[in-house]
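Peer 1: test case, fold it:
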Amino acid sequence: MNSPTKNLSGHILPNSATMAGVCVTVISIIKGMHIGYSGLMIDKILALDSVIFLGSAACSYFAMRTTRLASRLENLADSSFMFGLLLMVVGTVGFSFEIL
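Peer 2: Numbering: from 1, shown residues only. Below is the predicted model of the structure:
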């Protein structure tokens with residue numbers, strides 16, 4: 001029987017990879033628009049965010065491949081995914097309201 005935590009990694013992995021791709025796409029759009037200082041800040045935030053999502057995907061992948069550290073890796077994948085989402089929201093709200 002599959003434990004609930006094993007199913008979580010199966011959801012985190014594809015979503016983390018998708019979110020990393022979204023970050024790269026938005027960075028490309030911002031670079032193409034030649035936005036000023038706020039664009040410079042948002043692309044740095046999203047670049048860091050894509051690395052966080054990559055780490056989340058890697059932890060999720062290795063949680064599915066190992067049994068010894070699966071729970072710890074899955075918790076790390078979950079936490080980093082949520083942190084990546086939070087950072088993305090902060091960056092986009094800051095960019096939208098020109099706070100950054």
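
Peer 1: state the distance from the nearest residue to residue 27 once chain neighbours are set aside to residue 53.
Peer 2: Leaving aside its sequence neighbours, residue 27 sits nearest to residue 43 (CB to CB, 6 or more residues apart in numbering; 4.8 Å). Backbone N, C-alpha and C define where each C-beta goes, glycine included. For residue 43, the distance to residue 53 equals 15 Å [CB to CB, to the nearest Å].

Peer 1: could you give the number of residues near residue 7?
Peer 2: 11 (other CB atoms under 10 Å).

Peer 1: now do the SS call for it.
Peer 2: helix (DSSP: H, G, I helix; E, B strand; the rest coil).

Peer 1: looking at residue 43 and residue 53, which is more packed in?
Peer 2: Neighbour count, other CB under 10 Å: between residue 43 and residue 53, residue 53 has more, with 28 against 20.

Peer 1: how near is that one to residue 29?
Peer 2: 17 Å.

Peer 1: show me what the worst-scoring helix or strand of the chain on mean pLDDT is packed up against.
Peer 2: None of the helices or strands of the chain scores lower by mean pLDDT, DSSP states H and E than helix 4-33, at a mean of 86. Packed against helix 4-33 by the contact rule (3 or more CB pairs under 8 Å, 6 or more residues apart in numbering; DSSP states H and E) you find helix 37-65, helix 70-96.

Peer 1: that one: which residues count as buried?
Peer 2: 8-9, 12-13, 15-17, 19-20, 23, 26-27, 30 (16 or more other CB atoms under 10 Å).
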